[in-house]
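Trainee: dropping the sequence and predicted coords here.
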Amino acid sequence: MTVPGVVVHRDQEVLAKAVAARLVTRLVDVQSARGGAHLVLTGGGMGTAVLAEVAASPAHDAVDWDHLDIWWGDERFLPSGHEERNETGARKALLDRVHVDEGRVHPMPSSDQVSTPEEGAEQYAAELRAATRPDDHGEVPSFDVLMLGLGPDGHVASLFPGMPALYETRPVVAVRGAPKPPPTRLTLTLPALRTAREVWIIAAGESKATAARLALSDAGPVQVPAAGARGRQRTLFLLDRAAAKELPPEIGRLASP
């Protein structure tokens, strides 16, 4: 796994703008090289704020949205359009404001589309498998950018400390009894996250400081799932100063003014 890099920005607002600019640049570079790209979205306050900043940036026109495959790292098992679904937030913040090819937008199944989260996980795994190419060498596409939020307990996607999903080898699984409501979810597993070329873990606020420190330590992924989320080519922790306050001085950082 790659050794993570750490980039620290002044505050939450600057962080969202900086990640949005980084994302646009990365997508443009990938599409210039290969024509298309695969992006994995995250929910939560920071994930949605980043998407809103992408929509607000004039530079977003440089992205070829029609040739971008959009996936999710996890989802709440709720009806379509429910305000707590990550898909709903992403559509309001960005996807409804740019011209996307709906055939390349891949939301995780909702509770009104499938009977159980297990059925939804199997369906999403099949959709991922269908999008792979021979050079992906696995069950999921080689995601170009996979964005993750970071919970105060160190969880990423819907991979919570000590839960069975952390031992899974399947790419997508159902989660029941999650400690954060709603308790029933779908999530990519660690092996699926690790197929990404780049993994970006985005966190803001003092409540994330301990989790960020542990995720960058030698902690195991069962105790701190974020410690196991690494990209094949690059892993970035994109933090504001509050989230970075517990990081030891030996961890290299680039701080914005």
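Mentor: Good, I have the coordinates. What you see is a predicted model; the values in this text were computed from it and never measured.

Trainee: for this structure, which segments count as helices?
Mentor: Using DSSP state H, the helices found in the chain span residues 12-34, 44-56, 86-93, 117-130, 190-193, 209-215.

Trainee: buried sites along the fifth one?
Mentor: Buried positions in helix 190-193, judged by neighbour count with 16 or more other CB atoms under 10 Å: Leu190, Ala192, Leu193. C-beta here means a position set from N, CA and C on the backbone, and glycine is covered the same way.

Trainee: need the nearest residue in space to the first one, chain neighbours excluded.
Mentor: Read it as Leu190. Gly228 (4.9 Å; CB to CB, 6 or more residues apart in numbering).

Trainee: cool, the second one as well?
Mentor: Closest residue in space to Ala192, ignoring its immediate chain neighbours: Pro171 at 4.0 Å, by CB to CB, 6+ apart.

Trainee: contacting residues for the one you found?
Mentor: Contacts for Pro171 were tallied using CB atoms under 8 Å, 6 or more residues apart in numbering; they are Ala125, Leu128, Arg129, Glu139, Val140, Leu188, Thr189, Pro191, Ala192.

Trainee: can you check the pLDDT for it?
Mentor: Reported pLDDT at Pro171 in the predicted model: 98.

Trainee: got it, and Gly138?
Mentor: We note a pLDDT of 86 for Gly138 in this prediction.

Trainee: for it, grab the count of nearby residues.
Mentor: Burial of Gly138 is recorded as 14 neighbouring residues (other CB atoms under 10 Å).

Trainee: list the contacts of it.
Mentor: Residues in contact with Gly138, defined by CB under 8 Å, 6+ apart, are Thr132, Thr195.

Trainee: about what we covered before: any chance of TSV for the helices of the chain, columns distance to Asp69 and mean pLDDT?
Mentor: Putting these into TSV (distance: least, CB to CB, whole Å; pLDDT from 0 to 100) gives the following:
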stretch	distance to Asp69	mean pLDDT
helix 12-34	11	97
helix 44-56	16	97
helix 86-93	14	98
helix 117-130	10	98
helix 190-193	15	97
helix 209-215	27	97
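
Trainee: for Ala157, find the nearest of those helices.
Mentor: Judged by CB to CB, the one of these that comes nearest to Ala157 is helix 190-193, at 7.0 Å.

Trainee: so what's the closest residue in space to Gly36 that isn't next to it in sequence up against?
Mentor: By the measure of CB to CB, 6+ apart, the closest residue to Gly36 outside its immediate chain neighbours is His67, 4.5 Å from it. His67 sits next to Gln31, Gly35, Gly36, Ala37, Asp101, Arg104 when contact means CB under 8 Å, 6+ apart.

Trainee: try Ala229
Mentor: Shown in contact with Ala229 (CB under 8 Å, 6+ apart): Leu148, Val156, Leu190, Leu193, Arg194, Val199, Ile201, Ala215, Pro221, Thr235.

Trainee: distance check, it against Val175.
Mentor: 16 Å (CB to CB, to the nearest Å).

Trainee: likewise for Val6?
Mentor: Going from Val6 to Val175 by CB to CB gives 28 Å.

Trainee: tell me which stretches of the protein form strands.
Mentor: Secondary structure of the chain (DSSP state E): strands at 5-9, 37-41, 68-72, 74-76, 145-149, 172-175, 185-188, 198-203, 234-240, 253-255.

Trainee: reformat those strands as a markdown table; add mean neighbour count and distance to Leu94.
Mentor: Below are those laid out as a markdown table (neighbours: other CB atoms under 10 Å; distance: least, CB to CB, whole Å):
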| stretch | mean neighbour count | distance to Leu94 |
| --- | --- | --- |
| strand 5-9 | 19 | 20 |
| strand 37-41 | 24 | 9 |
| strand 68-72 | 22 | 9 |
| strand 74-76 | 26 | 16 |
| strand 145-149 | 26 | 12 |
| strand 172-175 | 24 | 23 |
| strand 185-188 | 30 | 20 |
| strand 198-203 | 25 | 15 |
| strand 234-240 | 23 | 18 |
| strand 253-255 | 12 | 26 |
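
Trainee: export the ones you listed to a markdown table and append columns for distance to Leu15.
Mentor: Listed next are those as a markdown table, based on distance: least, CB to CB, whole Å:
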| stretch | distance to Leu15 |
| --- | --- |
| strand 5-9 | 4 |
| strand 37-41 | 17 |
| strand 68-72 | 21 |
| strand 74-76 | 21 |
| strand 145-149 | 12 |
| strand 172-175 | 27 |
| strand 185-188 | 23 |
| strand 198-203 | 7 |
| strand 234-240 | 5 |
| strand 253-255 | 12 |
